[in-house]
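1. Generate a structure from the sequence data that follows.
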Amino acid sequence: MKTRFFLSCAVLWLGVVALAQTTKDGPTMGWSSWNTYGTNISDKLIKVQADNMVNKGLLNAGYRYINIDDGYFGKRDTLTGQLLSHPTRFPNGLKDVVDYIHSKGLRAGIYSDVGYNTCGSQGSGDPWGIGSGMYDHQDQDMKWWFGELGFDFIKVDFCGGMQLIDKDKTLTDRILYGLSLDAFEKIARETGRDSLRFNICRWSYPGTWAYGRAGSWRTTGDIYCAWESVRNIIKTNLPLSAFCRKGHYNDMDMLEVGRGMSTEEDRTHFSMWCLMNSPLLIGCDLASINKNALKLLTNAELIAINQDTLYKQAYVVDEQDGVYLLVRDVISAYDTMRVAAVYNSTDSQVEYTMEFDKLELGGKVKIRSITYGVDLTQDYEGSYKQKIPAHATRVFRLDAQERIERTNYEAETAFLSQFHESGLNSASFSSADGCSGKYKVGWLGGRPENDMQWQNVWSREGGKYKMTIYYCTGQQRKFSVDVNGRFVKTFTVNNGSWDTSSAVDCEIELEPGENVVRLYNETGWAPDMDRMTLELIEAPTAVKTVVGEETAKASTKTAYDIQGRPIANPDALPRGTIYIENQKKKVKPSVPGEPVI
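-> Numbering: from 1, shown residues only. Predicted structure coming up:
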């Protein structure tokens, strides 16, 4: 039966890989002109890239967008304010280029700025970008791009926006992007084009107000072709898994694959962008792309992860001296098949043991290396040890016999309701070496809405749990706990440290399925938060056992798994496994030597 299960998972995975490029609401995949060409673009160059996207198999792999970044502007008509295309770079206008891109079965993207001027007019000294931003022309420009020219995507920058805010302190990034989004949503309604995509290029997470409006948002400054840049972008995005939703993604910036980094660095770059659900916009010249880069960028299994229809961003479950273990569900939530990655951010080779209970998996585990496209020849129990080169990442698909309930929730996997809210001191993530995941949440509280929430606290059957909350504070502070909207308790704490955590605990009731645990202080500042752990202490006992040949043969046994199948030796179960013994639900201790609950 288990062999058939593993086989069915493998067949299902192959089907998902084959269909990855058809995902409607997944992160944007395509090519953008900026990384290689800056403002030095032309209609001929854009058409060559479109040709190569099709001819080199990138369209078949899932890449669809050809995005024209800064550099196409020809300023504005002095009488009407109409935006013009560059007279020599695009002598036949933009409609000709858009039609050509569409004729190849591709989609076309364009660029602008929320202010008066574009970034190219500043960083690149291109005078054509001065006055070419959309401020005071939002409706006019959106109508031209999407109503007349037929573009499908827009990236909206912030260089001109910063200039406006410097001059007028009543303006904020939220106000400026709101004006652009209002015009964007208006033209989408008028044209009936619900597939249009809007990217906020704010260079940091813009705020939770962007949900339901923009399809993606930049989370960092511009990428550049160096390992240091890739590593820093990954570090910024590690705590942002809760801010990724269907159709709304953390944009880690355009890809530098194939532009000069090492093979391992390119592999980490692309693998982590895929696992963290970033848009995938190729930045190299497609006409001269090397074979290794093309092979990596068309890795069907990595793309399938990026385009998976659960739309989940991988999150960190372990950190050891700069080596990270990340995991995410694919295909089916809370199932026995998961994708994991070991990411070595350090400058030295390391030996790392991937412990399956940290990945919420139990029993025998089959492993497929997605990095190399091969199945490992044996099954593993408990853990898998491997050597990871400097700057390298190894990605695995894991098919296990059992799914274990998650017991550890790091603060950096929580949703912060006012994260990066303009003009307010709001909850945010920061590095903390004394905390378990090397991150903590600070600036929590002060008002009811400035809270943190674990929105996917999963319990298989519900029940009573011991919740332990780890915090750090150098002064006396309070925080309250709600579970599924119901008040539980208020704590007053002070452990005398802003870096090393201490703990308080209480009992909570969880419902079957996903629960929401909320921490907050409505009037004052809460302590900084490290993590939350859960331990099942009492659950429903009415569990039916499987009646059949297998059960009949084991009639003398009194222990069963939660599906009702007999267990010969409960002592051999993985830590954290839930099982039934003598009509009572129990949990295998998470630490050896602890009593069975």
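2. How is the protein divided into domains?
-> Under the assignment automatic domain parsing, the domains of the chain span 8-306, 314-403, 408-538, 549-587.
3. mean pLDDT for these: which is lowest?
-> Mean pLDDT values for the domains of the chain show the minimum at domain 549-587, a mean of 56.
4. Which parts of the stretch 51-200 of the chain are strands?
-> Remark: strands assigned in the stretch 51-200 of the chain by DSSP state E, counting those that start in this stretch are 65-67, 73-76, 83-85, 107-113, 153-157, 197-200.
5. between the ones you listed, which one is nearest to residue 120?
-> Shortest distance between residue 120 and these, using Cβ to Cβ, is found for strand 73-76: 8.1 Å. Every residue, glycine included, has its C-beta placed from N, CA and C.
6. What count of nearby residues applies to residue 111?
-> 28 (other Cβ atoms under 10 Å).
7. Phi and psi next, for the spatially closest residue to residue 476 that is not a sequence neighbour.
-> In space, and not counting its chain neighbours, residue 476 is closest to residue 494: 4.2 Å by Cβ to Cβ, 6 or more residues apart in numbering. Phi and psi for residue 494, reported as degrees, to the nearest 10, are phi -170, psi 110.
8. what number of residues lie near residue 494?
-> 14.
9. isn't it right next to residue 473, touching?
-> Yes. Counting by Cβ atoms under 8 Å, residue 494 does reach residue 473; the two are 5.8 Å apart.
10. shared neighbours, the two?
-> Common neighbours of residue 494 and residue 473, using Cβ atoms under 8 Å, 6 or more residues apart in numbering, are residue 527.
11. buried set for the helix or strand in which residue 479 is found?
-> Using DSSP states H and E, residue 479 sits in strand 477-483. The neighbour-count check on strand 477-483 (16 or more other Cβ atoms under 10 Å) flags 477, 478, 479, 480, 481, 482, 483 as buried.
12. could you say what helices and strands the next helix or strand after that strand packs with?
-> With elements assigned by DSSP H and E, the helix or strand that comes after strand 477-483 is strand 486-493. With contacts defined as 3 or more Cβ pairs under 8 Å, 6 or more residues apart in numbering; DSSP states H and E, the packing partners of strand 486-493 are strand 463-473, strand 477-483, strand 497-510.
13. Show me how far strand 486-493 is from its chain's centre.
-> Remark: strand 486-493 is offset 31 Å from the chain centroid, using Cα atoms, centre = their mean, to the nearest Å.
14. What strands line up against it, and which way round?
-> Strand 486-493 sits in its sheet next to strand 477-483 (antiparallel), going by DSSP bridges.
15. Could you tell me which residues make contact with the residue nearest to residue 34 when sequence neighbours are not counted?
-> Nearest non-adjacent residue to residue 34, counting by Cβ to Cβ, 6+ apart: residue 69, 3.9 Å away. Applying Cβ under 8 Å, 6+ apart to residue 69 gives the contacts 32, 33, 34, 41, 111, 155.
16. now do residue 494
-> 473, 474, 475, 476, 477, 527.
17. ok, the third one - how many residues close by?
-> Burial measure for residue 475: 10 neighbouring residues, criterion other Cβ under 10 Å.
18. can you tell me how far it sits from residue 496?
-> Counting by Cβ to Cβ, to the nearest Å, the gap from residue 475 to residue 496 is 9 Å.
19. Over to the fourth one?
-> Distance check for residue 476 against residue 496: by Cβ to Cβ, it reads 10 Å.
20. I'd say residue 529 and residue 471 touch.
-> Yes. When contacts are counted by Cβ under 8 Å, residue 529 is listed as touching residue 471 (5.6 Å).
21. list the residues that contact both of the two?
-> When contacts are counted by Cβ under 8 Å, 6+ apart, the set common to residue 529 and residue 471 consists of residue 479.
22. burial measure for residue 149, as a count.
-> The number of residues near residue 149, taken as other Cβ under 10 Å, comes to 18.
23. wait, it sits on residue 101?
-> No. If you go by Cβ under 8 Å, residue 149 and residue 101 don't touch, sitting 10.8 Å apart.
24. check contacts around residue 51.
-> residue 104.
25. ok, the buried residues of strand 477-483 vs residue 397, which is closest?
-> residue 483 (33.4 Å).
26. And for the closest residue to residue 84 other than its chain neighbours, the neighbour number?
-> Spatially, and ignoring its direct neighbours in sequence, residue 84 is nearest to residue 74 (3.7 Å; Cβ to Cβ, 6+ apart). By other Cβ under 10 Å, 18 other residues sit near residue 74.
27. secondary structure class for the residue positioned nearest the centre of the chain?
-> Centroid-nearest residue in the chain, with Cα atoms, centre = their mean: residue 313, separated by 3.1 Å. With DSSP: H, G, I helix; E, B strand; the rest coil as the basis, residue 313 sits in coil.
28. how far away is it from residue 169?
-> In terms of Cβ to Cβ, residue 313 sits 35 Å off from residue 169.
29. Over to residue 318?
-> 44 Å.
30. between the two, who's got more neighbours?
-> More crowded of residue 318 and residue 169, by other Cβ under 10 Å: residue 318, with 20 against 8.
31. How about the more buried one, nearest residue that isn't a chain neighbour?
-> Using Cβ to Cβ, 6+ apart, the closest residue to residue 318 is residue 325 (4.0 Å).
32. Contact partners for that neighbour?
-> Listed by Cβ under 8 Å, 6+ apart, the contact set of residue 325 reads 316, 317, 318, 319, 340, 341, 342, 343, 352, 354, 358, 359.
33. Report how many residues lie close to the fifth one.
-> Going back to what we said before, that points to residue 340. 24.
34. and it, what element?
-> Using DSSP H and E, the element containing residue 340 is strand 337-344.
35. for the fourth one, same thing?
-> Residue 319 belongs to strand 315-320 when assigned by DSSP H and E.
36. Just after that strand, pick out the following helix or strand.
-> Helices and strands here follow DSSP H and E; after strand 315-320, the next one along the chain is strand 323-329.
37. Sheet partners, orientation included, of that following strand?
-> strand 315-320 (antiparallel), strand 337-344 (antiparallel).
38. Pull that strand out as PDB, backbone CA atoms only.
-> Extracted in PDB, the C-alpha atoms of strand 323-329 (Å, rounded to 0.1, in the frame of the first residue of the first chain):
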ATOM      1  CA  VAL A 323      22.800  27.200   6.900                       C
ATOM      2  CA  TYR A 324      19.000  27.300   6.500                       C
ATOM      3  CA  LEU A 325      16.400  24.600   6.100                       C
ATOM      4  CA  LEU A 326      13.300  25.700   4.300                       C
ATOM      5  CA  VAL A 327      10.100  23.800   3.500                       C
ATOM      6  CA  ARG A 328       6.800  24.300   1.800                       C
ATOM      7  CA  ASP A 329       3.700  22.300   0.800                       C
END
